[in-house]
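In: Just a sequence and a predicted model for now, questions to come.
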Amino acid sequence: KAGVTQTPRYLIKTRGQQVTLSCSPISGHRSVSWYQQTPGQGLQFLFEYFSETQRNKGNFPGRFSGRQFSNSRSEMNVSTLELGDSALYLCASSPDTYGYTFGSGTRLTVV
Amino acid sequence: GQNIDQPTEMTATEGAIVQINCTYQTSGFNGLFWYQQHAGEAPTFLSYNVLDGLEEKGRFSSFLSRSKGYSYLLLKELQMKDSASYLCAGRPMNRDDKIIFGKGTRLHILP
C-alpha cells in the first residue's frame, strides 16, 4: 500500500511569507502528527490530528497551525515566516498511537 | 516531564557490535520505539518493545527494562550503511498522548 506522502519536498520562502505543507497518510490511518526537525534539536512535536480533531499540541507559537480533512489528509500552515523556521517538517501517520510511519518530509528554507 | 535521554554521538568499527542506550522516567511510558534515520531522510521504524526483555530482528536487537526506565538498541556485524541517527521514542501511558522522541544518537561507522 502507498506510504505517507508529503508535498512539496523542498520549499524556499522569504521572511514574512506564509507556507502550507500537505500530508496524505496511509489509507485507513486516522492519526496524523507533525514534527519539526532541526540539526541538534531532534524531533520537536507540533501537533496531532485524529479524525479531524486536534488531539495534541506542542509548544510552538500560534503562527503554526494545522487541520485535518475528512479523508484524513492534513495540512500545516506557518504564517509570518522567520529564519528560524527553516527545518525539515515531517508528517507521520498511524492507525492509533501504536507507531508512526513517516513521510519523506518537506525541507523548508526561509531566506 | 517525560524526558528521553540518549547519547549524542557514538563511533564504531565496521563488523563490530555497538549498543545504544536510552533512559527515561519509569512512570512515563509503557512502550519504547527505536527508529533509524539516515541523513536527509525520514525516520524508519526498527522496533517496538512493550514487554521487558530482548527482541531480536536480524542484526538488530532491542531491549527494555520498564522497572529501570532503560532500553538499548544492539547492532551486530556493523555495516557502513548503518551510519545513521537512531531515535528512541516513548509511547505514553495515555494512548491519546503524543509519542515522545529523544534527540537521537548519531552513529558513525569507521572502515
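Out: Great, that's in hand.

In: use CA for all of it now, contacts and neighbours both
Out: Noted.

In: show me what contacts residue A:19?
Out: A:13, A:77, A:78, A:79, A:81 (Cα atoms under 8 Å, 6 or more residues apart in numbering or on different chains).

In: what does stretch B:102-111 rub up against?
Out: A:40-43, B:3-14, B:20, B:78-80, B:82-89.

In: Just the C-alpha atoms of it, please, in PDB.
Out: C-alpha atoms of stretch B:102-111 as PDB (Å, rounded to 0.1, in the frame of the first residue of the first chain):
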ATOM      1  CA  GLY B 102      14.800  11.500  22.200                       C
ATOM      2  CA  LYS B 103      17.200  13.800  20.300                       C
ATOM      3  CA  GLY B 104      18.800  10.800  18.600                       C
ATOM      4  CA  THR B 105      22.200   9.200  18.700                       C
ATOM      5  CA  ARG B 106      24.300   9.800  15.600                       C
ATOM      6  CA  LEU B 107      26.300   6.600  14.900                       C
ATOM      7  CA  HIS B 108      29.500   6.800  12.800                       C
ATOM      8  CA  ILE B 109      30.900   3.600  11.300                       C
ATOM      9  CA  LEU B 110      34.600   3.500  10.500                       C
ATOM     10  CA  PRO B 111      36.000   1.100   7.900                       C
END
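
In: Leaving out sequence neighbours, find the closest residue to residue 84.
Out: Using chain A here. Nearest residue to residue A:84 in three dimensions, chain neighbours excluded: residue A:110, at 7.7 Å (Cα to Cα, 6 or more residues apart in numbering or on different chains).

In: Hmm, no, I was thinking of chain B.
Out: Excluding its sequence neighbours, the residue lying closest to residue B:84 (Cα to Cα, 6+ apart) is residue B:38, at 4.6 Å.

In: burial count for that neighbour?
Out: By other Cα atoms under 10 Å in any protein chain shown, 15 other residues sit near residue B:38.

In: pLDDT value on it, please?
Out: In this model, residue B:38 is scored at 94, pLDDT.

In: Over to the one 4 residues further on?
Out: The pLDDT attached to residue B:42 in the predicted structure is 89.

In: Pretty sure residue B:53 sits against residue B:67.
Out: No. Applying Cα atoms under 8 Å, one finds residue B:53 not in contact with residue B:67, separated by 11.4 Å.
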